[in-house]
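**Student:** attaching a predicted model along with its sequence, questions to come.
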Amino acid sequence: MRLNKYLALGTGISRRAADEAIAQNRVQINGETTHQGRAITEADIVHLDGKLVTPPQDFVTIIFNKPVGYVVSRDGQGSQTIYDILPGEYHALKPVGRLDKDSSGLLLLTNDGQLAQQLTHPSYQKTKRYEIKLDKPLAPLHRQMISDFGVQLDDGPSKLQVGRLIEGDDLRWEIVMHEGRNRQIRRTFASLGYKVTTLHRTHFGTYALGSLESGSVVKI
């Protein structure tokens, strides 16, 4: 296994960050500073910044019910991150996709790179479901535009399935989508003059949030 992959699996940092750490002489193998491209064997002992690095022996995947107000990142740039409230045993896991700071709900984290690829690559078309609330009632014409024709955004057309959560309630809606561009739901409604005041993800592919409490974790 290449050293950067070993570091990524063992610490949760990206391979790019691992390469930077190696270049900065922060990585030692068997007590000696090493170089990029080095291969690791089972007999090697690796340290990053003086701490022993041990890649996980088993794949772990969790569902986390992310609360509002936390950034899905290791560096919150002044904001709290999900790693501030996740149990320490899960700090090496990486998020699958994103939820913005103001959104809540189902977030998957894993150390299984193949699973993450299957869940996020566009060719797999994983269905995601959200419950949203708007700042004003959604006009029937705008609902039809979003569902039937799509709305043109800066990065391409956005077409979402929009269904009622409660009969007669024009503020709360269920959104079903198969892609996941940055803040796509919020931008889609904003383009028609609406503000999404709450956004909560309930499903990601075959995974469902169910009754999991906000801020809680379940292993799957």
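**Tutor:** Received, thanks.
**Student:** any idea how far S104 is from N182?
**Tutor:** In this view, N182 and S104 are 17 Å apart by CB to CB, to the nearest Å. Placement of C-beta: from N, CA and C, glycine included.
**Student:** so between the two, which is more surrounded?
**Tutor:** Set N182 next to S104 and count neighbours by other CB atoms under 10 Å: S104 wins out with 22 against 9.
**Student:** thought that one was touching V72?
**Tutor:** No: counting by CB atoms under 8 Å, V72 is not a contact partner of S104; they are 11.2 Å apart.
**Student:** overlap in contacts of the two?
**Tutor:** Common neighbours of S104 and V72, using CB atoms under 8 Å, 6 or more residues apart in numbering, are K66.
**Student:** report the strands that pair with the host helix or strand of I62, each with its relative direction.
**Tutor:** I62 belongs to strand 61-66 when assigned by DSSP states H and E. Partners of strand 61-66 in the sheet, by DSSP bridges, are strand 104-110 (antiparallel), strand 217-219 (antiparallel).
**Student:** contacts for that strand, please.
**Tutor:** Applying CB under 8 Å, 6+ apart, the set of residues contacting strand 61-66 is 72, 82, 86, 90, 93, 99, 103-112, 115, 207, 209, 212-220.
**Student:** which other helices and strands does whichever helix or strand comes after it contact?
**Tutor:** Per DSSP H and E, the first helix or strand lying C-terminal to strand 61-66 is strand 94-96. On a contact count with 3 or more CB pairs under 8 Å, 6 or more residues apart in numbering; DSSP states H and E, strand 94-96 meets strand 104-110, helix 113-120.
**Student:** one more time with 6 Å
**Tutor:** Applying 3 or more CB pairs under 6 Å, 6 or more residues apart in numbering; DSSP states H and E, we find strand 94-96 packed against strand 104-110.
**Student:** would you put the C-alpha positions of the strand it packs on in CSV?
**Tutor:** As requested, the backbone C-alpha atoms of strand 104-110 are provided in CSV (Å, rounded to 0.1, in the frame of the first residue of the first chain):
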residue,chain,number,x,y,z
SER,A,104,-29.8,18.8,9.0
GLY,A,105,-30.5,15.1,8.7
LEU,A,106,-29.0,12.0,7.3
LEU,A,107,-25.2,12.0,6.8
LEU,A,108,-23.2,8.9,6.0
LEU,A,109,-19.6,8.6,7.1
THR,A,110,-17.3,5.6,6.2
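**Student:** related to what we said a few turns ago, is it possible to mark the buried ones in the contacts of strand 61-66?
**Tutor:** Using 16 or more other CB atoms under 10 Å as the burial test, those include 72, 82, 86, 90, 93, 99, 103-112, 207, 209, 217 as buried.
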